[in-house]
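In: Just the structure for this:
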Amino acid sequence: MRKNLLLYPAIIGVFGGLTWLVIRQGNLLPLKTGAASLVTNTPATAFHGSAAGSGLAVALLHNMQQPLSLLLLQVLVVVLVARLFGWLANRIGQPSVVGEIIAGVTLGPSLLGMFWPDVKDFLFPADSMKNLQFLSQIGLAFFMFVVGMELDVAKMKNKAHDAVMISHASIVLPFFLGVLLAYNLYTQFSVPNVSFLSFALFMGIAMSITAFPVLARIVQERKLSGTPLGILAITCAAADDVTAWCILAVVITVVKAGAIWSAVATLLMAMAFLGVMLYVIKPFLAKKIPQLMATGKEKATVAVAFTLMLFSAFIAETIGIHALFGAFLAGVIIPAEASVQKLLTDKLEDVSVLLLLPIFFAFTGMRTQIGLLGHGHLWAAFGLIMLVAVGGKLGGSALTAKLMGQPWAESLAIGALMNTRGLMELVVLNIGYDLGILSPEIFAMLVLMALLTTFMTGPLLDLVNRITANKLQISNA
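Out: As a prediction, the model looks like this:
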C-alpha cells in the first residue's frame, strides 16, 4: 500500500517534469509567422506584462461571447426568468405558460431593450438569434410530438358529434371574421409584396386557433378532466387544433407555392405522406413497439420513436408544409398503450416544457416590439383584433354548444376555454412572421392578443361560475 502511495507521485512527477522540458525546448523553436496566423484574433497577448489583470477580464469577456458560451448563457437566463414568471403566474391562478410568454416579452425589446438596451444587446445580439431560433424549433418539434401522443382518440369518439360541430363552428366563424378583419387592415398594415390572399388566410387562422395543450392544462388544474364538460372541452380543442392545423398546412402550401399548380402538387405530396404514415407506418409501429416493450428493450423503443419523429418532421419540412406537422403526426401514430406513452413522455416532456419551450417564448418575445404600437390608431386596431378574436371564438363556440343542447353554463364555459390561444397561437404567428406575411406591428398585436385571451380564460370561468350560481364544479385547488 505504501509502495502505491509513493509510486503515484513518482509517476506524476516524472512525466510532469518531462512534459515541462519538452515545452521549454519547444519555446526555443522559431515562431512561424504569416497572414493566416490565428494568434492575432485571440486576446492571449493581453496576458503579458503589466496588463495581466485587464487582459484576464478581456479574455473572459471574449470567451463569453463565443457562440457556444453565449448560447448557454442565453438558455440559462431564459430558463431562470421563465421559471420565475411561471411561478408568479401560478400564484395569481394563471397557468405557468402565461408567465412564460410574459417572460419572453420581458426579455425582448419591449422591456429589457427599452430600459437596459446594452444588457439586451450583450445577452441577445442580433447575430445569435438564429441559434436560438433553431433550438426553439427543435423544442417545439419535441413538444408537438408529445401533444400528438396525448391526443385521446377514444374520448374524441365518445363526444365526436358534438365536439366536431362545436370545434368547426369555432373555426368557421372566427376565420370569416379574421378575413373580414384583414380586409380592413391590409392597406395599412400589410407587408410590401404580400398578396391579400396570404394576409387574409393568416389572419383567419390567427383568429381560429385554440391552444389545446394550455386548455388541457387548465382543465386538469381545475379538476374538470373526468367531467362531461372537461371531456367535451378537450375533445373540442383537439378537433379544433387538428382541423386548424390542416387548414394551416394548406395555407402555408398556397403561400409558399405561389402558383396554383405548385400548391396542388404540394397538397398531393402531403396527402400521400399522410396516407403512408397512417396506413403503412402506424400498423408497423402497432406491432413493433409492443414487441420491443415486451422484451424490455426500452432504449430501442425510444430510438424508434425519436427516429420516426425526426424523419416525419424532415419529410414535412421538405414537402413544404412545416416540420411541426410532421412531429405532431408522428406522435399521433405512436401506439396508444399507456406504458409506451409514459416512457416517451417521461423522456421528452420535462426537457421540452422546462428547457426548450421557454426558449421559444423568449425568441417570440425578441420579435415582439410593443413599442411600435405608439400611436392611438394602432391601439384602436389592436382593440378591433381583440373584439374579433374574443367575439368570434368565445361567441361562436358558446352559441354552437347551446344549439347542440348544452346548458348555458356549460356553453359559456366551453366558449371561455376555446378562447384560449396560448402556445399554439404563437407557433402560427411565428410561422407567418418567418414567411414574411405578418408585419412587426401586426405580429406584436397578435402576440398581445394571444397573451390576453389566455390570461382571461381563468377569470372568465370564475365569472361564468358565479353568474350561473355555481352550477359548474370548477375548482382552483
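In: For the one helix or strand Val427 maps to, buried residues please.
Out: Per DSSP states H and E: Val427 is located in helix 422-434. If you call a residue buried by 16 or more other C-beta atoms under 10 Å, then helix 422-434 has these buried ones: 422-433. Backbone N, C-alpha and C define where each C-beta goes, glycine included.
In: and of those residues, the nearest to Tyr186?
Out: When these are ranked by distance to Tyr186 (C-beta to C-beta), Gly432 comes first, at 14.0 Å.
In: Around Pro30, count how many other residues there are.
Out: Pro30: 5 surrounding residues under other C-beta atoms under 10 Å.
In: Is it within a helix or a strand, and which one?
Out: For Pro30, there is no host helix or strand (DSSP H and E).
In: who's in contact with it?
Out: With contacts taken as C-beta atoms under 8 Å, 6 or more residues apart in numbering, Pro30 has no neighbouring residues.
In: Would you check that Leu451 makes contact with Ile101?
Out: Yes - using C-beta atoms under 8 Å, Leu451 makes contact with Ile101 at a distance of 5.3 Å.
In: of these two, who's got more company?
Out: Remark: of Leu451 and Ile101, Ile101 carries more neighbours, 32 against 21, as counted by other C-beta under 10 Å.
In: what's the offset of the helix or strand following the helix holding Val427 from the middle of its chain?
Out: For helix 422-434, the following helix or strand on the C-terminal side (DSSP H and E) is helix 440-455. The chain centre lies 15 Å from the centre of helix 440-455; the measure is C-alpha atoms, centre = their mean, to the nearest Å.
In: Let me have the buried residues of helix 422-434 in TSV, extended by pLDDT.
Out: Output for these, formatted as TSV (pLDDT from 0 to 100):
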residue	pLDDT
Gly422	75
Leu423	74
Met424	77
Glu425	84
Leu426	83
Val427	81
Val428	85
Leu429	88
Asn430	86
Ile431	86
Gly432	87
Tyr433	89
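In: Just give me the closest of the residues you listed to Asn63.
Out: Nearest to Asn63, judged by C-beta to C-beta, of the buried residues of helix 422-434 is Asn430 at 31.4 Å.
In: if I look at that closest one, how far off is Met309?
Out: 20 Å (C-beta to C-beta, to the nearest Å).
In: Packing partners of the helix holding Val427?
Out: Counting by 3 or more C-beta pairs under 8 Å, 6 or more residues apart in numbering; DSSP states H and E, the packing neighbours recorded for helix 422-434 are helix 96-106, helix 196-208, helix 212-221, helix 228-257, helix 357-367, helix 440-455.
In: Flag the helix or strand of the chain with the lowest per-element mean pLDDT.
Out: helix 153-158 (a mean of 58; mean pLDDT, DSSP states H and E).
In: And the next helix or strand past that one?
Out: Next along the chain after helix 153-158, taking DSSP H and E as the criterion, comes helix 160-189.
In: For that following helix, list every residue counted as buried.
Out: Quick answer for helix 160-189 (16+ other C-beta under 10 Å): 162-182, 185, 189.
In: again, but for stretch 134-151
Out: Judged by neighbour count (16+ other C-beta under 10 Å), stretch 134-151 contains these buried residues: 135-151.
In: before we move on, back to that, just put the buried residues of helix 422-434 in a markdown table and tack on distance to Val75.
Out: Converted to a markdown table, the buried residues of helix 422-434 look like this (distance: C-beta to C-beta, whole Å):
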| residue | distance to Val75 |
| --- | --- |
| Gly422 | 22 |
| Leu423 | 19 |
| Met424 | 23 |
| Glu425 | 24 |
| Leu426 | 18 |
| Val427 | 20 |
| Val428 | 24 |
| Leu429 | 22 |
| Asn430 | 18 |
| Ile431 | 23 |
| Gly432 | 26 |
| Tyr433 | 22 |
